[in-house]
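Visitor: Here's my sequence, what's the structure:
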Amino acid sequence: MTTWAEQGELFDQILAPAAVAIVATADLAGTVLDVGCGTGALLEATVDAGAKAVGVDISPEMLRVAERRVPQAITVLGDGQTTDLSQYVGAGFDRLVSRFGVMFFADPTAAFANLRRFAAPSATMTFVCWRDDQPNLMFTLGTRILAPNPPPSGVPGPMAFADADLLRGYLSDAGWHDIVIDRFEFVSTYGTPDGHGTTTDGIEERLSVIGATGNTDVDDETLARMRADIATSMVDGVVAHPNYCWLVTARA
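Guide: Prediction:
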């Protein structure tokens, strides 16, 4: 089984449109906090935009990757719900961003209130999270062989903010305003260069994603069934699927 940190480049590939949307919407400037920064995709984009990058994450392994990737960034091992970030910023963060990194807080209202403590008066927050009004194959393609039910909504985890009204309430109760929650959709494509001028079909890459997100080793028969299930979502010979999300903005 591989880890998310080891598969960072693949995750960046399949989630790239989400990062692009965040960067385009957030207008990265000043000092930027990336919440749940992972292996550093948005930290890299922040530095490329000429802004100061600070990232917080609970995973030491992913932070090590981020530090190697973006040595100019400041990385903080901690939980955005409780960590005191005051020492890493002067007058407050000008932008707060996250690519699927804010859905795991035990107490979302407390988490968003804590993050707002360290935001500048004119700061904006921009993030992408999952919604569930359409099936998200990110959580079922191949894995439904192991567990038939997708992640539950409304509890800490990928679908914590699937309900837009619930999310709006968390943000409002935490003191954020000018809250906008828009539908956002993009396609994840899994094929990677095969060394011969073409791309792979993405089946093994999808299996790597499944392994990195916590599914344990399986026997050969189950693995064959998983490969067959993944192969049902091919576009022009490559594994691909749509994703259904929210693009969220708010002001401190």
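
Visitor: Nearest residue to the middle of this protein?
Guide: In the chain, the centroid-proximal residue (C-alpha atoms, centre = their mean) is F100; its distance is 2.6 Å.

Visitor: was I right about it contacting F139?
Guide: No: look at F100 against F139 with C-beta atoms under 8 Å: they stay out of range, at 11.8 Å. C-beta coordinates here come from the backbone N, C-alpha and C atoms, glycine included.

Visitor: Give the residues shared as contacts by the two.
Guide: P158 (C-beta atoms under 8 Å, 6 or more residues apart in numbering).

Visitor: re earlier: report the contact partners of the residue nearest to the centre of the chain.
Guide: F100 sits next to L15, A18, G36, V128, C129, W130, P158 when contact means C-beta under 8 Å, 6+ apart.

Visitor: repeat that for 10 Å
Guide: Taking C-beta atoms under 10 Å, 6 or more residues apart in numbering, we find F100 in contact with 11, 15, 18-19, 36, 38, 127-130, 138, 158, 243, 245.

Visitor: Also V54?
Guide: Residues counted as contacts of V54 (C-beta under 10 Å, 6+ apart) are 31-35, 37, 43, 46, 73-76, 85, 88-89, 93, 96, 118.

Visitor: Now the nearest residue to it once chain neighbours are set aside: phi and psi?
Guide: Leaving out its chain neighbours, the residue that sits closest to V54 by C-beta to C-beta, 6 or more residues apart in numbering is I74, at 4.6 Å. Torsion angles at I74 (phi, psi; degrees, to the nearest 10) stand at phi -100, psi 130.

Visitor: isn't I74 right up against G40?
Guide: No: taking contacts as C-beta atoms under 10 Å, I74 lies outside contact range of G40: 11.6 Å.

Visitor: Can you work out which residues contact both of these two?
Guide: Residues touching both I74 and G40 (C-beta under 10 Å, 6+ apart) are A53, G55, E67.

Visitor: just so I have it, where are all the helices in the stretch 151-252 of the chain?
Guide: For the stretch 151-252 of the chain, applying DSSP state H, counting those that start in this stretch gives helices covering 164-173, 203-212, 220-230.
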